[in-house]
Structures are given as structure tokens and as C-alpha cells.
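>>> Give me coordinates for this.
(3 chains)
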Amino acid sequence: MMKMDNLNPEQIKAVKHVDSPVLVFAGAGSGKTRVLTHKIAHLIENIGLPPENILAVTFTNKAAHEMTSRVHSIVKVDSSKLNIGTFHSISAGILRKHIHCLGFENNFTIYDQKDALSVVKKVIKNMNLDIKQNDPKYFYYMISRAKNQLISYKEIDKIDSGYVDKNLSEVYRLYQESLKDSNSLDFDDLLIFPLRIFKENDSLLDYYRKKFRYVLVDEYQDTNRPQFEFISLIAKEHQDICVVGDDDQSIYGWRGADVSNILDFNKSFDNPLIVKLEQNYRSTKSILNVANSVIKNNITRAEKSLWTDNEPGNCVVYQNLYNEKIEASKIVDIIQRKCSDSFSLNDAVILYRTNSQSRQIEDLLRRRSVPYNIIGGVKFYDRKEIKDVLSYLRYICNSNDEVSFLRILNFPPRGLGKTTINKVLDVKISGNQSLSDVITSEDLLLGQKQKESLKYFNEMITKLRLASKELNAYELILELIKTVDFKDYYCSKNIPEDIDRWENVQELINSIQEFCVNSSSTSLQSFLEEVSLLTDIDRWNNNDECLTLMTVHSSKGLEFPLVFIAGMEEGLFPHSNSINDEESVEEERRLFYVAVTRAMEELYLFSADSRMKFGGGNLPSLRSRFIDEIPKNLIDFKNKSRDDSFASISKNSYNSNAEIIKKGNLVRHQLYGNGKVINVDGFGENTKVTVIFSGNVQKKFIQRYANLKIIK
DNA sequence: TTCACAGAAGTTTTT
DNA sequence: CTTCTGTGAA
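Below you'll find the predicted structure:
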């Protein structure tokens, strides 16, 4: 019999109740994951439900993996039979099997927002609209918004949104047509297509209702309309469902998440048991008091109050500093001090509202050689060189994938430029042919050189495509790298940036190898699917002795002994795009609440008097209203010390008599001797200089620290 | 026709 | 500080 003695009475109630739907309002740190995992274990062991009949939906893949292994540690179960994943990955799995109902092939490509944006751009150009007056971002945003409301291009005027452009419906229609032509889906389609399949195919819906006999949903406050429809279709009939969430942590409204899904749960499902988990096991009293005092300023929320038996702990610290540089150095100072005695680096996290704030902190950490991990920002799979290689793989896998085709046709450069590409696309449109037909078509009027190059390209792809039937993903990428000779492309010119890129490509190769070792399926298709649905947080491993940096959004569901929140300023947190509208301010406040409740032992808040924008001008700023919502007695206000003054830091930062180094200069370095500057990158105090020294030794310096002297 | 370079513009949050 | 776009040279 499984143990439940580590659960409190409310948690046990939520775990054991299976006679009707269950809604768990789980405050931050109240042990909701424990409830979910025990509930799954209870269903298997005490109710006798086979694991393959359980569907559990989590917010990230990482959470899914953790849940799987925690269930495994409670009951003996073949974890591969459990259906635990994100909405997107579960949907993708269903679509791989049944998407032919909608006229797609099951080797479809999943487009990320950049891919999707390039499709929108193409559509706008094809409609002969001016790209400057018709912002592709607006159209993509509106299409996504429409999809989140389950609105097709035909009924676009029903959309719940401000301005609707007269061309929106047509752009939407052509966008969808183009995706289908490329046998591709965007993220929103991934959620919507299963609904269409279920609605058109009763027997299939029936099959999945039986298969997913019990449904559990985590972070239910962040589900959107299509996700709600999905679980309704599956669970409304058998009513065997348990959802867990916290309306105070709803932070994805901008993505179509609808809090009323959780607040109106009792209207959608019959006679639910509602359990409130209000005991917090995570944070000290000081931290929880701050969290409660902030969130109670929100008008629209279900009434509840979190409490804890934990120690009072240290007072929450707030400090205002002169600018973002001093803010960064203050944070890192404290972390280094803390980690020299009772804490280790992976106990700490630095949180911020926007990704761009990470740069200053990153620079400082690199200078002080503090190992760090950064989540989000320029994602690994978003890097140009990675997307380029992946595009080859995607095009090999799906010969209709036009976005990938256009990326790789002339990369590395093979003499197929803009004009050739336009000719190819023209023939494709006029002849209504598939991509592979077009590039072998006689109708293409090209120069001899271009013709041969295109022929070579096509033969290469055909060969690789054939090989992909025999090889696993790892063997195939080795074959690809050899055939295209990326190594030569990146390394032959001896440009440091290109060598960095080659190293990233090698990292990609490693990750494919790892995938093939760890995963049940080693096919190229499953690798590509994993890549498009995996986030940085899924790749993150907090066991390394390493400081972590991430946005507040990414931190949802995590906890750290030491939490540092940077940029507590009006216009940044709450963000300037949100301060004019009370509803948005409430979402920002929930976001701050999420940030605060990540902390277990100590919490530090920071703001700066001025902050650089675009590495350009300084913007003065006021401290965040959220700071003022915290009663004074709950915060330790640290005053500026003399060391924090702008004068003292700026003297250190800028070497006033530093010479301006240019490409071609001869320079002297203390350690390496004389050398020649072959590249200068950036300006001001962040200038990076690449120098070749005798013996062809190449080094890259941050000028400020390298102390290079120009030799006349 | 392609390719390299210089200037302009643009950063909320993410599956 | 990055990423995209447009311009001239080869």
C-alpha cells in the first residue's frame, strides 16, 4: 500500500476523491505537485486504473519528466505507459497519427513564431501590400489571437480585439493556405487541429475518451480556449478529471490564457469537489507576508490566504541603486558573499521582467568568472547557425517545407541568389506544383551556372533523403555535415565568430547523439519534434554548481533558497505596455507575486535610478508601485552607500586615457607580446578586440581589461 | 547576379 | 547591442 502520511488532510482529500471532478486551488508552495503525483499513484494502485489510461498535462516538458519520475518513486509502474506531457506535445502525438483526416501528411513540420512570421511576410508581399505599412508582426499577432479564440478567417469580425485591419481576413486565409502547402503547422494549430479531428470523427473521439479515462491538468489557470475545449471533449462525458491551479499565478493572459476556466470550473463540470491548499511549505514567514501584502491589491481574485509554519526568517531586503551596472554588481556581490559560506551557487536565482536585462549581469558574471546558466533570451535553437542546420534536416524530412527550403537553398552560398529564388517561387505559384517538382522543372529559365548548382543541390538532398530512411538522426546529421562540409564553411576563413558558430553546430550534433541514446525513438522526425517543443527550461539542469538567470515567467513552478529580483521600476515591472490598463497591471502584480513566492529563505529586491535603453541613452526611472504596496515594516530598506555612487563606478568602468584601437593596428599585450588587430567588435567600454600574435595565436579580448598598447 | 558592408530600426513575457 | 534592409562593387 502506498504511503500518504506525508500529506496533509486537505491534500489527502484531493488525492482520494474520485467520485466527481476535483478542483484544487493550490497556493504557491502548497505541495500541488505532491497532490498530482500521489493522485496518479492512487489511481493506479488503489483504484486499479491502468497507467496508459491516465492523461496528465503539465506546463513544461521538464515538469512532465519530473512528474513521471516522482510517480515512479511512489508506485511501481511502467512509466513509458503514462501519458504525461504538455498540451503541445500530447497534441503533436495525436496529430502524428491522425492528421491525414485534415489533408496533411504525418511528417509535418512545426513552425516556430519566426518561421510563421516569415510566412506572413511572404503572404503580405504576394498580396502586393507595402510591407512597411502592413506590419507582419501585427498580422501574425492577430492571427494567433484569432486562433486562440477559435475564430477562422471567415468570421474575423467576431474577434475580441481592438483594431482589425481590412486585410486581416485575407492574410489569415492565405497564411493558412501557405502552411498547408508546406505541410506545416504553427503552435496554435497544434492545439486546434485535434479539436477539428475530434469534431469530424466521432469514433476517434470515442477512442480517446476511453484511452484518457482520467485526466489531470496542472497550472489550470493558464489554459486557453483551445486547451479547455480539448479537455472538455475528452472528459466531459466521463467527468473523471482533476485540475490544479492558482488564479493568483495566472500570468499568460496575453497568450490567450483565460482565468475564468478555473474560476468557472463548477459550471463546466458537475458537482466538483473544491479543495483549497493554503499551507505554504516553501517560504519563510517574512517572504510570505510580502507576497500576501502585494497580491491582496488585486480586485479580481478568489479569496484565500496563504500561511506557513516555517521560521520567520530574515527580513526581505530592498535596495535602490544608481544604474543597472551598480545593480548588477550589488547582486553579484551579495551572491558571492552568501556562497562563500552557507549557500552554493545553484541555491540562487536572479529574476527579471525582460530578457534584455540579463546582458549587464551576464557581462559582470563573465568578468568575475562566476559560472552561470541563462534560461531564455537568445535560445540555443534560435541561433542562426542552428536553424540553418535544422532547416536541412526539416527539409529532408518534409519536402514541402518551403520556409526551410528557402533558408538552405543558398546556404552555404552556392550562387543561387534572390533572382533565382524568385524564379523558383514564380514557377511554383503559376504551375501550382510541389517544391521538388519545381526545382527539377524544365520551365525554370535559369543561367547555366544556376541550373547546375540547383541540380547539384537537388541531388544532394535526394541522396540524404534516401539515407534518412536507413539512418537514425545522429548518423544522418553526420552524413549531412560531411556532405555540405559546414566545417570548411565556418572554419576556413578563421573568423572567431564563425568558429563560435561551428562550436554551436557541434553542440547540436552532440545533442542529437544524446537524443538517440536516451530516447525510445531515434528517428529524425521525433528529434525535430522534440526540438521544436522543447524550451530552455527543459534543457536546464540545476545540479551544476552554477548561478541561474531567467525571466519571472520562466521561473513559474520553481523554487530557490535565494532569490534576487532586478529592475523593480515603473515601466519595467510593471511593464510600460501594461500600466495604462488596470487588468494588465493586475497581471503584472500576479507576475511579481510569482517572483516573490519562488523564494524559500531570502529575498532581495532591487531598482535603479536610471537604466540604459538599447545600449544608448539613459532613462530615469521611478521605483515600482509594487514596492510601495509592501508595508514598510516588512522591508529592510538599504540606503545607497558611498561605494554605490555613480562617480566611483564610472571611474572604474571607463579607462579615460584608453586609445581607440582600429583594425590593422599593431598592439602590445603584457602576456602575449606584440600582435596585429584583425577585428574590432563593439564600441565604448565593451569593445572586443581580436588579435593575432606571433605563431598564429589568435586571442579575443575585452579591450578595457586587456590593457593593449598601440605600437607606433 | 551575387555578396560584402554600412546604416537604420527595434526589446514583454513563450508553447 | 543585435537583426534586418538596402546599396554599391565584383
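>>> Let me see the contact set for the closest residue to A:D218 other than its chain neighbours.
Spatially, and ignoring its direct neighbours in sequence, A:D218 is nearest to A:T58 (4.7 Å; Cβ to Cβ, 6 or more residues apart in numbering). Heads up, the C-betas are built off the backbone N, CA and C, glycines and all. Contacts for A:T58 (Cβ atoms under 8 Å, 6 or more residues apart in numbering) come out as A:64, A:67, A:84-86, A:218-219.
>>> who wins for most neighbours among the residues you listed?
Counting neighbours by other Cβ atoms under 10 Å, A:D218 leads the contacts of A:T58 with 27 neighbours.
>>> correct me, but that residue touches A:A64?
No. The pair A:D218 / A:A64 is not scored as a contact, 9.1 Å apart, by Cβ atoms under 8 Å.
>>> For the residue nearest to A:D218, what are phi and psi?
With angles defined as degrees, to the nearest 10, A:T58 sits at phi -120, psi 180.
>>> Before we move on, what's the pLDDT of it?
Confidence at A:T58, expressed as pLDDT, is 94.
>>> Of all the residues in the stretch 401-550 of chain A, which one is nearest DNA strand C?
A:K418 (8.9 Å; Cβ to the nearest atom of the strand).
>>> Please read the previous query as pertaining to the stretch 151-300 of chain A.
Closest point on the stretch 151-300 of chain A to DNA strand C, by Cβ to the nearest atom of the strand, is A:V171, at 16.2 Å.
>>> What helices and strands are in contact with the top strand by length along chain A?
Assignment by DSSP state E gives strand A:599-612 as the longest strand of chain A. If you count contacts as 3 or more Cβ pairs under 8 Å, 6 or more residues apart in numbering; DSSP states H and E, strand A:599-612 packs onto helix A:285-295, strand A:316-323, helix A:324-340, strand A:560-565, strand A:618-620.
>>> okay, the angle between it and helix A:324-340?
160 degrees (axes from the mean of the first three to the mean of the last three Cα atoms, to 10 degrees).
>>> Would strand A:599-612 count as contacting DNA strand B?
No. Strand A:599-612 stays clear of DNA strand B (Cβ under 7 Å from any atom of the strand), getting no nearer than 8.8 Å.
>>> Residues of the stretch 51-200 of chain A that sit close to DNA strand B?
A:59-60, A:86-89, A:112-113, A:137, A:187.
>>> pLDDT, secondary structure and distance to DNA strand C added to the contacts of A:T58, as JSON lines?
Formatted as JSON lines, the contacts of A:T58 follow (pLDDT from 0 to 100; DSSP: H, G, I helix; E, B strand; the rest coil; distance: Cβ to the nearest atom of the strand, whole Å):
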{"residue": "A:A64", "pLDDT": "92", "secondary structure": "helix", "distance to DNA strand C": "29"}
{"residue": "A:M67", "pLDDT": "94", "secondary structure": "helix", "distance to DNA strand C": "34"}
{"residue": "A:I84", "pLDDT": "95", "secondary structure": "strand", "distance to DNA strand C": "34"}
{"residue": "A:G85", "pLDDT": "94", "secondary structure": "strand", "distance to DNA strand C": "30"}
{"residue": "A:T86", "pLDDT": "94", "secondary structure": "strand", "distance to DNA strand C": "26"}
{"residue": "A:D218", "pLDDT": "96", "secondary structure": "coil", "distance to DNA strand C": "33"}
{"residue": "A:E219", "pLDDT": "95", "secondary structure": "coil", "distance to DNA strand C": "30"}
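>>> so which of those would you say is closest to A:E514?
Nearest to A:E514 among the contacts of A:T58, counting by Cβ to Cβ, is A:A64 at 18.0 Å.
>>> Please pull out the lowest mean pLDDT helix or strand from chain A.
None of the helices or strands of chain A scores lower by mean pLDDT, DSSP states H and E than helix A:646-653, at a mean of 42.
>>> hang on, the earlier thing: from A:A146, how far off is the residue of the stretch 151-300 of chain A closest to DNA strand C?
11 Å (Cβ to Cβ, to the nearest Å).
>>> And for A:K267?
When A:K267 is compared with A:A146 (using Cβ to Cβ), they lie 25 Å apart.
>>> neighbour count winner among these two?
A:A146 (24 against 9).
>>> any idea which helix or strand carries the more buried one?
A:A146 is part of helix A:136-148, with elements assigned from DSSP states H and E.
>>> In that helix, which residues are buried?
Buried residues in helix A:136-148, counting neighbours by 16 or more other Cβ atoms under 10 Å, are found at A:136, A:139-148.
>>> Could you export those to CSV, including columns for distance to DNA strand C?
Converted to CSV, these look like this (distance: Cβ to the nearest atom of the strand, whole Å):
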residue, distance to DNA strand C
A:P136, 8
A:F139, 14
A:Y140, 13
A:Y141, 17
A:M142, 19
A:I143, 18
A:S144, 18
A:R145, 22
A:A146, 24
A:K147, 23
A:N148, 25
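>>> Any regions of the stretch 151-300 of chain A where pLDDT drops low?
In the predicted model, the stretch 151-300 of chain A carries no residue with pLDDT under 70.
>>> What are the boundaries of the helices in it?
Along the stretch 151-300 of chain A, counting by DSSP state H, counting those that start in this stretch, helices occupy A:168-181, A:187-200, A:202-211, A:225-235, A:260-263, A:265-268, A:285-295.
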